[in-house]
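>>> Sharing a sequence plus its predicted fold:
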Amino acid sequence: MIRRGRGERGSGLVAGVVILFSLTFLGLVWLARDVDRGISNRSTANSVAFQAARSGAQVAFATPLRQGVEPTIDVAGAIAAGTDTATRLLERYDVSGTTQISVDAATVTAIVVITDRGVTVTGRAAVESQRAP
């Protein structure tokens, strides 16, 4: 008579536990990486949006004042400057995204949307022009 499993001393159980913990660890590393990337992209979107709005506001409101002429709002210049700034920053951050710049009476607003690996984050910033006292 041959007895099955006579020399086995729990090595199958140990192998199963090791494989289970390995897969769990790899899953946690993958999850942490994805969550970290999403948080990083959200910060990037907010930073790019602020810089785009700031550069748009400088063109829209500050240039006429510096030249000593009656202040007028350069809407086309603000949109072009904000879009250019956002495009260059997105390239430097090595992410792809879209930018929307809008200008009203005294505010330039920028909205930046970044989509990376199926995760979409949005950054929004507004810069308001005010006279110094």
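Received it, and whenever you're ready, just let me know what you need. Residues are numbered from 1 along each chain as shown.
>>> now the strands for this protein?
Using DSSP state E, the strands of the chain run over residues 97-103, 107-116, 119-128.
>>> Mean neighbour count and mean pLDDT added to those strands, as TSV?
To be clear about C-beta, it is placed using only N, CA and C from the backbone, and glycine gets the same treatment. Conversion of the strands of the chain to TSV gives the following (neighbours: other C-beta atoms under 10 Å; pLDDT from 0 to 100):
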stretch	mean neighbour count	mean pLDDT
strand 97-103	19	92
strand 107-116	21	92
strand 119-128	17	90
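>>> Reformat the ones you listed as a markdown table; add distance to Leu90.
Formatted as a markdown table, the strands of the chain follow (distance: least, C-beta to C-beta, whole Å):
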| stretch | distance to Leu90 |
| --- | --- |
| strand 97-103 | 5 |
| strand 107-116 | 8 |
| strand 119-128 | 11 |
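>>> Out of those, which is closest to Ile39?
Minimum separation from Ile39 across these (C-beta to C-beta) falls at strand 119-128, 8.7 Å.
>>> ok, and for stretch 42-59, which residues are buried?
Buried positions in stretch 42-59, judged by neighbour count with 16 or more other C-beta atoms under 10 Å: 44-46, 48-59.
>>> ok, so of the residues you listed, who is nearest Gly12?
Among the buried residues of stretch 42-59, and counting by C-beta to C-beta, the member closest to Gly12 is Thr44, at 47.8 Å.
>>> What is the neighbour count of the closest residue to that closest one other than its chain neighbours?
Nearest residue to Thr44, sequence neighbours excluded (C-beta to C-beta, 6 or more residues apart in numbering): Tyr93, at 5.1 Å. Neighbours of Tyr93 under the rule other C-beta atoms under 10 Å: 17.
>>> go on, Thr24?
Thr24: 10 neighbours (other C-beta under 10 Å).
>>> How much space separates it from Gly16?
Using C-beta to C-beta, to the nearest Å, we find Thr24 at a distance of 12 Å from Gly16.
>>> can you list the weak-confidence ranges in the protein?
The chain contains residues with pLDDT under 70 at 1-9, 62-72, 130-133.
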